[in-house]
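K.L.:
Predicted model follows, preceded by the sequence.
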Amino acid sequence: MLIVKDCIVSDHLADLCFACDLAKCKGRCCVEGDSGAPLLESEVAEMEKALPSVLPYMTEKGREAVRLQGVAVRDKDGDLGTPLVDGKECAFTVWADDGTALCAIELGMRNEKLGMTAGANSSSLIPNSSFIKPVSCHLYPVRVEEYGEFTAVNYHEWDVCRCAVAKDNPNRKPLYEYLREPLVRRFGQEWYDELVAEVDRMKKDSRAKK
């Protein structure tokens, strides 16, 4: 494991090569699971602010789920997450023509920055917003869990991401590099720089032992 400030970081971030392959996995991580995408308390207000610009990209069932449940719900453990449609996919899931699950939040936020809308009134645009989608989605397959005095940063391994780690995937790169943007978003540039330094130190130690 790696220690970065008050975080315990899994070695997987340093030694696992990864790259999402949507052509194969079809975005199943947006559909499968027991609950919606984990949310930070601070993200609820951002979700509510972004909602008018996201609604045009959502499915009818997704909009109804949000109307009835709100942008965030608490699961049986009291943790915040996005609502689900009929207990299945995240309410913000939309479908590409080939059946790939996409994120309506990301579509709405990224298109806003380009000045594009999907039938929404231009007054709903948030051009200065840095919110793209919940940071837990941005970080996936890394999961962050708080344990009082420390934070665990772990790789979530399951068969959905088998194609992402396959050796014939030409886009793979070390996980900490692949997730640089969301890691900086979640923890800050200083934290990320320290992580890179710890990875380099670990690799040097490993080579010295051979």
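P.N.:
Here it is on my side, so go on.

K.L.:
List the residues that contact the residue nearest the centre of the chain.
P.N.:
Centroid-nearest residue in the chain: residue 137, 1.5 Å away (criterion: CA atoms, centre = their mean). For residue 137, the contacting residues are 30, 37, 103, 106, by CB atoms under 8 Å, 6 or more residues apart in numbering. For the C-beta atoms, the positions are set from N, CA and C on the backbone; glycine is no exception.

K.L.:
Could I get the contacting residues of the nearest residue to residue 154 once chain neighbours are set aside?
P.N.:
Spatially, and ignoring its direct neighbours in sequence, residue 154 is nearest to residue 10 (4.7 Å; CB to CB, 6 or more residues apart in numbering). Each residue near residue 10 by CB under 8 Å, 6+ apart is listed here: 1-2, 152-155.

K.L.:
Which one of those residues sits in the busiest neighbourhood?
P.N.:
In terms of neighbour count, residue 153 stands highest of the contacts of residue 10 at 24 neighbours, by other CB atoms under 10 Å.

K.L.:
my read: that one touches residue 6, true?
P.N.:
No - counting by CB atoms under 8 Å, residue 153 stays clear of residue 6, with 10.7 Å between them.

K.L.:
ranges for the strands of this protein?
P.N.:
With DSSP state E as the criterion, the chain has strands at 2-4, 7-9, 17-18, 73-74, 80-81, 93-95, 101-103, 142-147, 150-155, 173-174.

K.L.:
Model confidence score at the closest residue to residue 187 other than its chain neighbours, please.
P.N.:
Distance criterion CB to CB, 6+ apart; nearest residue to residue 187, sequence neighbours excluded, is residue 7 at 7.3 Å. Residue 7 is assigned 97 on the pLDDT scale.

K.L.:
Same question for the longest helix seen in the chain: list its buried residues.
P.N.:
For the chain, the longest helix by residue count, based on DSSP state H, is helix 189-209. For helix 189-209, the neighbour count (16 or more other CB atoms under 10 Å) marks 191-192, 194-196, 198-199 as buried.

K.L.:
Tell me the one among those residues nearest to residue 17.
P.N.:
Nearest to residue 17 among the buried residues of helix 189-209, counting by CB to CB, is residue 199 at 13.1 Å.

K.L.:
quick one, what contacts that closest one?
P.N.:
Residue 199 touches 2, 13-14, 174, 176, counting by CB under 8 Å, 6+ apart.

K.L.:
Let me see the mean pLDDT of stretch 132-146.
P.N.:
For stretch 132-146, mean pLDDT rounds to 94.

K.L.:
Just the CA coordinates for it, please, in CSV.
P.N.:
The C-alpha trace of stretch 132-146 is given here as CSV (Å, rounded to 0.1, in the frame of the first residue of the first chain):
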residue,chain,number,x,y,z
ILE,A,132,-18.9,17.3,-14.8
LYS,A,133,-20.5,14.4,-13.0
PRO,A,134,-20.3,12.9,-9.5
VAL,A,135,-16.6,12.5,-8.6
SER,A,136,-17.2,8.8,-7.7
CYS,A,137,-18.2,8.2,-11.3
HIS,A,138,-15.2,10.2,-12.6
LEU,A,139,-12.9,8.1,-10.4
TYR,A,140,-14.3,4.7,-11.2
PRO,A,141,-13.0,2.0,-10.9
VAL,A,142,-11.4,3.6,-7.9
ARG,A,143,-13.6,3.9,-4.8
VAL,A,144,-12.9,6.2,-1.9
GLU,A,145,-14.1,5.4,1.6
GLU,A,146,-13.7,7.5,4.8
